[in-house]
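Enquirer: I'd like to go over a predicted model; first the sequence, then the structure.
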Amino acid sequence: MALKDSEEIPKKNRTYRDSFKFAFKGIQTAFQEERNMRVHVLTGTAVLILAMLLPMTRAEWLWLILVSYLVFVMELINTVAENVVDLVTKEYHPIAKKVKDMAAAVVLVTAAFSIIVGAIILLPKIIQLLT
């Protein structure tokens, strides 16, 4: 849609407050509209709560927090890619499918990495607690 001569081009955020407001709105939108985002956030939260019940080193905490946030960030990037593709084309296109599939793969690979890290850190502690 083209702008009319009397319309102004939208300006960048005028204040840092506006920037933060729009960023938090983006997080809220992703959480409300993306089921997988809710699953990842709830799973990450559950893992961090479990970790609070176990003896953890600072390094172990850092790894768990890192992988939890990585999955969250990758899910945001996936959502952005999907929305941009949907904005550009409403019809099936093989390249659009590739972009969406690869963006989903980024989340899958990151989630798999987080499971591996979580298992390396948490499983020995849980096994020790149970024995």
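Expert: Happy to help now that I have it.

Enquirer: what about the strand or helix carrying T45, distance to the chain center?
Expert: Under the criterion of DSSP states H and E, T45 resides in helix 35-52. A distance of 12 Å separates the centroid of the chain from that of helix 35-52, by CA atoms, centre = their mean, to the nearest Å.

Enquirer: what's the angle between the stretch of helix or strand V107 belongs to and helix 35-52?
Expert: Using DSSP H and E, V107 sits within helix 94-130. Helix 94-130 runs at 20 degrees relative to helix 35-52, counting by axes from the mean of the first three to the mean of the last three CA atoms, to 10 degrees.

Enquirer: Show me what counts as buried in helix 94-130.
Expert: Buried residues in helix 94-130, counting neighbours by 16 or more other CB atoms under 10 Å, are found at 96, 99-100, 103-104, 107, 110-111, 114, 117-118, 121-122, 125. Quick note: C-beta positions are derived from backbone N, CA and C, even for glycine.

Enquirer: Ok, stretch 60-71 next?
Expert: In stretch 60-71, counting by 16+ other CB under 10 Å, buried: 60, 63-64, 67-68, 70-71.

Enquirer: What of stretch 50-62?
Expert: 51, 56, 60.

Enquirer: quick check, nearest of the residues you listed to V41?
Expert: Minimum separation from V41 among these (CB to CB) is found for A51, which lies at 15.6 Å.

Enquirer: which one is the closest one nearest to, not counting chain neighbours?
Expert: Distances taken as CB to CB, 6 or more residues apart in numbering place L64 nearest to A51, at 5.6 Å, with adjacent residues excluded.

Enquirer: I am finished for the moment; much appreciated.
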